[in-house]
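Engineer: the sequence and its predicted three-dimensional model are supplied below.
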Amino acid sequence: MRIMLAPMMGVLVGAALLTTPVKADDFYKEAKPLFENCADGSYDRAVKDGITVGVSNVSPHSFVDPKTNQPAGVDVEINQAVADWLGIKNVKFEWLPWESQIPSLLSKRTDVVGTNIHINPERVKVITFSGPAWWYGPVLLVQKGNPDGIKSYEDVKGKEVGAVAGSAAEAYLRNHDSKTVLFEAQNEELQSLNQGRIKYALEDDVVFSDFARTAPDNKIDALSSIPVPTEITYGGGYGYARYAFRPNDCQLRVAYTQALAELRGNGHVSAILAKYGLSDRNLVWYTLKP
């Protein structure tokens, strides 16, 4: 059984705030950065030299705002808010295909995987993760009307199912006997399903919601009501959305983690989520094991 519980919020965000840019000065900061006893110097270097944040073009996570031609999205704004809280003034966003995020981090092309990334057993061998930023879950997608009568994740075993290369969805499908059809980007995957080139896909619920908002006449049904296997949420890549770091950059990771805790606690992350049509359902994830 899977139950989602909404958190009780201690900070109320006025509706008027959501029509204007979400600014750091709008929120009370109870604590201050305090990392003098971390020894590796990665946070100190970030304050001095700035950071490069790797992002991928996946709405509503991170995308280029067509009105301003500037980076926008839930993760872009959260990373910028973290940097502001930490006193990191020079922040560069580097656009990368999703499958290039971890290699670019490890090669020092970037300093943070900033389009959110989830913990799974393969990733923890090579990278480390911040504390929780926000939450969303998976959704199984089928052609309009669900012509094959798919009623569970078991029903797509042995079938061709679309997923983005390097995603949690790909890892789940690969380990559960599905014939994964890989795509470089979410839009390519969703358009392939929409145009009938594939029959099924496994995707992030917020990604599909954003696609459906911009393409209301799409020919896709989201099977949101079917049970989600616990192996995809418990250690399978759909726990909390986080950001990732090189293992040696402990100080920067700890700094990010405290910043995220403060920003979640003072309502800043909630305001960013609301700006992109999400809610505090996407702030806290809670699942009761069967």
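Structural biologist: Received, thanks.
Engineer: for Val139, helix, strand, or coil?
Structural biologist: Secondary structure of Val139, reduced to three states by DSSP: H, G, I helix; E, B strand; the rest coil: strand.
Engineer: tell me how many other residues surround it.
Structural biologist: 20 (other C-beta atoms under 10 Å). For glycine as for every other residue, the C-beta is placed from the backbone atoms N, C-alpha and C.
Engineer: same check on Ala212?
Structural biologist: Ala212 has 14 nearby residues by other C-beta under 10 Å.
Engineer: could I get the contacting residues of it?
Structural biologist: Listed by C-beta atoms under 8 Å, 6 or more residues apart in numbering, the contact partners of Ala212 are 218, 220, 222.
Engineer: if we use 7 Å, what do you get?
Structural biologist: Asn218 (C-beta atoms under 7 Å, 6 or more residues apart in numbering).
Engineer: now Thr257
Structural biologist: By C-beta under 7 Å, 6+ apart, the contact list for Thr257 reads 130-131.
Engineer: what pLDDT does it get?
Structural biologist: Here, the pLDDT recorded for Thr257 equals 97.
Engineer: next SSE downstream of the host helix or strand of it?
Structural biologist: In this assignment (DSSP states H and E), Thr257 forms part of helix 250-265. Sequence-wise, the next helix or strand downstream of helix 250-265 (DSSP H and E) is helix 268-275.
Engineer: remind me what that following helix packs against, helices and strands.
Structural biologist: helix 74-86 (3 or more C-beta pairs under 7 Å, 6 or more residues apart in numbering; DSSP states H and E).
Engineer: okay, the angle between the helix it packs on and helix 250-265?
Structural biologist: When axes from the mean of the first three to the mean of the last three C-alpha atoms, to 10 degrees is applied, the directions of helix 74-86 and helix 250-265 differ by 110 degrees.
Engineer: pull the CA atoms of helix 74-86 into CSV?
Structural biologist: Extracted in CSV, the C-alpha atoms of helix 74-86 (Å, rounded to 0.1, in the frame of the first residue of the first chain):
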residue,chain,number,x,y,z
VAL,A,74,12.3,24.2,-10.3
ASP,A,75,15.9,22.9,-10.0
VAL,A,76,17.5,26.0,-11.5
GLU,A,77,15.7,28.2,-8.9
ILE,A,78,16.5,25.8,-6.0
ASN,A,79,20.2,25.7,-7.0
GLN,A,80,20.3,29.5,-7.3
ALA,A,81,18.6,29.9,-3.9
VAL,A,82,21.1,27.5,-2.3
ALA,A,83,24.0,29.4,-3.8
ASP,A,84,22.5,32.7,-2.5
TRP,A,85,22.2,31.3,1.0
LEU,A,86,25.8,29.9,0.9
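Engineer: what comes up buried for that helix?
Structural biologist: Going by neighbour count (16 or more other C-beta atoms under 10 Å), the buried part of helix 74-86 is 74-86.
Engineer: hang on, the earlier thing: just the buried residues of the helix holding Thr257, please?
Structural biologist: Applying a neighbour-count criterion of 16+ other C-beta under 10 Å, one finds 250-260, 262-265 buried in helix 250-265.
Engineer: next, count neighbours for the nearest residue to Pro97 once chain neighbours are set aside.
Structural biologist: Of all residues beyond its chain neighbours, the one nearest Pro97 is Glu184 (5.6 Å), with distances taken as C-beta to C-beta, 6 or more residues apart in numbering. Using other C-beta under 10 Å, Glu184 has 15 other residues around it.
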